[in-house]
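S.K.: only geometry, no sequence info:
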């Protein structure tokens, strides 16, 4: 089973929160439904800016503990190493999640009149 270690932030990048989850999409939905979970409403943690995927829980837990001890500057360097523009990565995950759950047709169906 996959495990994820992630960093989420608010729109102003004032808070960086490190977390660990088995289902990243559900966790991010939970953050969006509970806007004042960690902070006040001005600091909604809704932007996924970094994540790593692991095969085992022990690997993810050791990485989570390591990143949790990072200073803010180290966390920012980690995010910028793979996401220099701090783009919300949820968009890509949603697309991957949608395409994984929906069969993608491999054949294009065309009307017979176009082919003649």
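M.R.: Looks like it arrived, so ask away. Values in this document were obtained by computation on a predicted structure and should not be read as measured data.
S.K.: low-confidence regions, this structure specifically.
M.R.: 35-43, 94-116 (pLDDT under 70).
S.K.: so where do the strands sit in it?
M.R.: Using DSSP state E, the strands of the chain run over 3-9, 16-21, 47-54.
S.K.: ranking the ones you listed by burial, who's on top?
M.R.: Greatest average neighbour count among the strands of the chain goes to strand 3-9 (a mean of 22), per mean count of other CB atoms under 10 Å. All C-beta spots, glycine's among them, are computed from the backbone N, C-alpha and C.
S.K.: quick one, that strand and strand 16-21 angle?
M.R.: Calculated by axes from the mean of the first three to the mean of the last three CA atoms, to 10 degrees, strand 3-9 forms an angle of 160 degrees with strand 16-21.
S.K.: so how far is strand 3-9 off the chain centroid?
M.R.: 6 Å (CA atoms, centre = their mean, to the nearest Å).
S.K.: if we can go back for a sec, of all the strands of the chain, which one is nearest residue 79?
M.R.: Minimum separation from residue 79 across the strands of the chain (CB to CB) falls at strand 47-54, 4.7 Å.
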